[in-house]
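> Here is the input, now give the coordinates:
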Amino acid sequence: MVSIVMPCYNKGLYIGEMLESIINQDWDDIELILVNDGSTDNTSEVIESYIPRIKARGYKLRITDQANAGCRAAVKTGLAQVTGDYLCIIDPDDVLSPQYVSAMAGWLSRRPEYDFVSCDSATIENLDGIDVIRPFYSHGLDGAGTLTPEYYLTHLYFKATWNYMIRKLYFDRCRILDMFETSGRGSYEPPVMIPLSVNKGRMKHFSAPLYFYRINDGGLSQTRNLAQADAYWTDYHQTIEAALSRIDTISEAERSRLSDISAFYRLKILIQLSIYYNEPQNTARFIEELSALTKNQIPKPNKGMEIVFGYAAELFLLRREPEYETPEGRVIGCGSKGKAASKLLPLLKGTAFEPDMLWDAQSGFQDFQHLTPTDTILILPTKQQAVDEIKTALKGARVQQVLGNEDIYKILAREYLAAGVV
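Purely as a prediction, here's the structure:
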């Protein structure tokens with residue numbers, strides 16, 4: 001049996017669509033655990049209207065109504081009621097693929113040596129009254145492997161719990177429920193993901209979008225200004241530290257190292273956002289904090305190099321080398337008209353990756369058919385729609401390597417560290 005835990009707070013507008021997708025699962029043995037965390041809208045009424053259909057589907061249903069205590073407390077309330085062999089935690093304003101449960105639970109039922117599984121996801125964003133769905137791909141891990149704390153803490157792999165299904169035996173072995181932190185009202189991800197990754201269970205990943213995440217203003221991670229972003233990521237880091245403090249299977253040195261990695265990621269994100277919101281004083285403040293974290297062993301950046309500095313700190317702290325090859329032939333920059341390109345192209349001048357040619361969507365990428373196996377493609381944009389357009393145009397092309405925006409910054413960061421000065 002699969003236990004689905006869903007905390008609910010004021011999601012009456014969307015929860016019906018999620019419940020429909022649960023009813024439409026092609027897996028019959030499901031326990032649905034709903035925790036209504038003191039909703040003040042029509043969430044309760046919508047849930048009530050679905051009870052007959054959920055029961056008619058043959059699912060076990062548990063509904064808990066509690067005074068508003070925050071999503072962490074609501075998730076813990078739900079996890080304490082789990083009786084299934086496998087469990088997952090989902091959000092009420094998202095949507096499941098019909099195969100979400102069967103693909104992951106089916107694998108775990110057939111392969112007892114695996115502790116948990118994960119899947120790709122897609123985003124749902126309402127644009128001018130139309131829901132636009134875009135794939136959101138994972139990084140780093142494919143097929144079978146191990147999710148390390150470093151991958152989670154630097155978001156090289158999914159941080160959201162709804163991408164995962166966990167074997168209950170492994171969940172218990174990790175003592176996730178015993179160590180679950182409920183103070184605060186921020187994300188419930190760290191109390192699950194820290195023990196899940198620290199214990200290094202065996203994982204299988206499905207490269208298929210089985211979960212559809214809705215982008216809306218009510219999400220915890222959706223921030224409108226730098227102050228909100230700072231509050232969110234500071235709380236996220238503090239929750240990680242609280243989760244790490246409860247792990248008794250790692251040394252103090254390892255706990256401190258992982259805490260530093262979490263602190264680094266917070267500062268890297270805030271440096272980027274402070275530049276986006278044009279708050280140079282805060283950019284300088286975050287750079288000072290990050291410099292102190294590296295014990296001032298990385299030169300502070302000149303103007304225009306702040307984002308590169310953040311990536312340089314990542315390579316320094318994690319002792320991680322970017323994966324790329326020295327270009328053998330042409331370097332072609334794609335998506336050269338956007339804001340991301342305007343920041344990157346000046347930084348690439350004089351490097352081995354300075355583009356020989358610049359292509360953009362307006363040209364229709366018509367020269368992609370003439371690419372050669374020695375060409376290096378730089379995907380300059382960050383917006384998913386632009387990236388998808390380039391990847392579609394590249395489909396079937398044989399090239400030396402394709403590097404995205406983040407890859408390019410890591411290449412620049414490597415040169416930044418090698419030079420020792422800006």
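> all helices of the stretch 51-200 of the chain, in order?
Assigned by DSSP state H, counting those that start in this stretch, the stretch 51-200 of the chain shows helices spanning 71-79, 100-110, 149-153, 168-173, 189-198.
> Neighbouring strands of the helix or strand just after the last one in the sheet, and parallel or not?
In this case it means helix 189-198. Downstream of helix 189-198, the first helix or strand assigned by DSSP states H and E is strand 202-215. Partners of strand 202-215 in the sheet, by DSSP bridges, are strand 95-96 (antiparallel), strand 116-127 (parallel), strand 144-146 (antiparallel).
> Out of the ones you listed, flag the one nearest L153.
strand 144-146 (14.5 Å; CB to CB). The way it works is simple: take the backbone N, C-alpha and C, and place the C-beta from them, glycine included.
> pLDDT of that closest one, averaged?
Average pLDDT, strand 144-146: 67.
> Likewise for stretch 253-272?
94.
> swap in stretch 296-308?
Per-residue pLDDT values over stretch 296-308 give a mean of 90.
> re the thing from before, out of the helices of the stretch 51-200 of the chain, deepest packed?
Highest mean neighbour count among the helices of the stretch 51-200 of the chain (mean count of other CB atoms under 10 Å): helix 189-198, with a mean of 24.
> Would you mind getting the angle between that helix and strand 202-215?
Angular relation of helix 189-198 and strand 202-215 on a 0 to 180 degree scale: 160 degrees, by axes from the mean of the first three to the mean of the last three CA atoms, to 10 degrees.
> rewinding a little: kindly reformat the helices of the stretch 51-200 of the chain as CSV containing distance to E289 and mean pLDDT.
Converted to CSV, the helices of the stretch 51-200 of the chain look like this (distance: least, CB to CB, whole Å; pLDDT from 0 to 100):
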stretch, distance to E289, mean pLDDT
helix 71-79, 26, 95
helix 100-110, 39, 97
helix 149-153, 17, 88
helix 168-173, 35, 97
helix 189-198, 20, 93
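> Compare those helices and give me the one nearest V387.
Comparing the helices of the stretch 51-200 of the chain by CB to CB, helix 149-153 comes nearest, at 21.4 Å.
> what residues does the closest one touch?
140-141, 156-157, 159, 193-194, 197-198, 240, 258, 261-262, 265, 318 (CB atoms under 8 Å, 6 or more residues apart in numbering).
> go with 6 Å
With CB atoms under 6 Å, 6 or more residues apart in numbering as the test, helix 149-153 has contacts from 140, 157, 193, 197-198, 258, 261-262.
> How about stretch 256-265?
Contact with stretch 256-265 is made by 149, 153-154, 237, 240-241, 244, 293, 313, 317, as judged by CB under 6 Å, 6+ apart.
> Filter those residues down to the buried ones.
Buried by 16 or more other CB atoms under 10 Å: 149, 153-154, 237, 240-241, 244, 293, 313, 317, out of the contacts of stretch 256-265.
> rewinding a little: would you mind finding the most buried of the strands paired with strand 202-215?
When those are compared using mean count of other CB under 10 Å, strand 95-96 is most buried, at a mean of 22.
> model confidence over that one, on average?
Mean per-residue pLDDT for strand 95-96: 96.
> what do you get for stretch 34-51?
Mean predicted lDDT for stretch 34-51 stands at 97.
> helix or strand right after the longest helix along the chain?
Counting residues, the longest helix found in the chain (DSSP state H) is helix 252-276. Beyond helix 252-276 in the direction of the C-terminus, DSSP H and E gives the next helix or strand as helix 280-293.
> about what we covered before: quick one: which of the helices of the stretch 51-200 of the chain is nearest L347?
That would be helix 149-153 among the helices of the stretch 51-200 of the chain, by CB to CB, at 26.2 Å.
> So which residues of this protein form strands?
Listed in chain order, the strands of the chain (DSSP state E) span 2-8, 30-37, 60-66, 86-89, 95-96, 116-127, 130-136, 144-146, 164-167, 202-215, 331-334, 357-359, 376-379, 401-403.
> Redo those strands as TSV? Include distance to I307.
As requested, these are arranged in TSV below (distance: least, CB to CB, whole Å):
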stretch	distance to I307
strand 2-8	35
strand 30-37	38
strand 60-66	43
strand 86-89	33
strand 95-96	34
strand 116-127	23
strand 130-136	22
strand 144-146	29
strand 164-167	30
strand 202-215	23
strand 331-334	17
strand 357-359	21
strand 376-379	16
strand 401-403	16
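> Measure how buried the residue lying closest to T40 once chain neighbours are set aside is and give me the count.
Counting by CB to CB, 6 or more residues apart in numbering, the nearest residue to T40 once its immediate chain neighbours are dropped is N10, at 6.3 Å. By other CB atoms under 10 Å, the residues close to N10 number 18.
> State the pLDDT value of the closest residue to G184 other than its chain neighbours.
Nearest non-adjacent residue to G184, counting by CB to CB, 6+ apart: D235, 6.1 Å away. Note on D235: pLDDT of 92.
> wait, doesn't D235 sit right on G186?
Yes: D235 lies in contact with G186 (CB atoms under 6 Å); the separation is 4.0 Å.
> the more surrounded of those two?
Using other CB under 10 Å as the criterion, D235 and G186 rank with G186 on top: 20 against 17.
> what sits against the more buried one?
D235.
> per-residue pLDDT, it?
79.
> same thing with T392?
Model confidence at T392 (pLDDT) stands at 79.
> Just send the contacts of helix 149-153 back as JSON lines, with distance to D115 too.
Below are the contacts of helix 149-153 laid out as JSON lines (distance: CB to CB, whole Å):
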{"residue": "G140", "distance to D115": "18"}
{"residue": "Y157", "distance to D115": "15"}
{"residue": "M193", "distance to D115": "14"}
{"residue": "S197", "distance to D115": "11"}
{"residue": "V198", "distance to D115": "13"}
{"residue": "L258", "distance to D115": "20"}
{"residue": "I261", "distance to D115": "23"}
{"residue": "S262", "distance to D115": "23"}
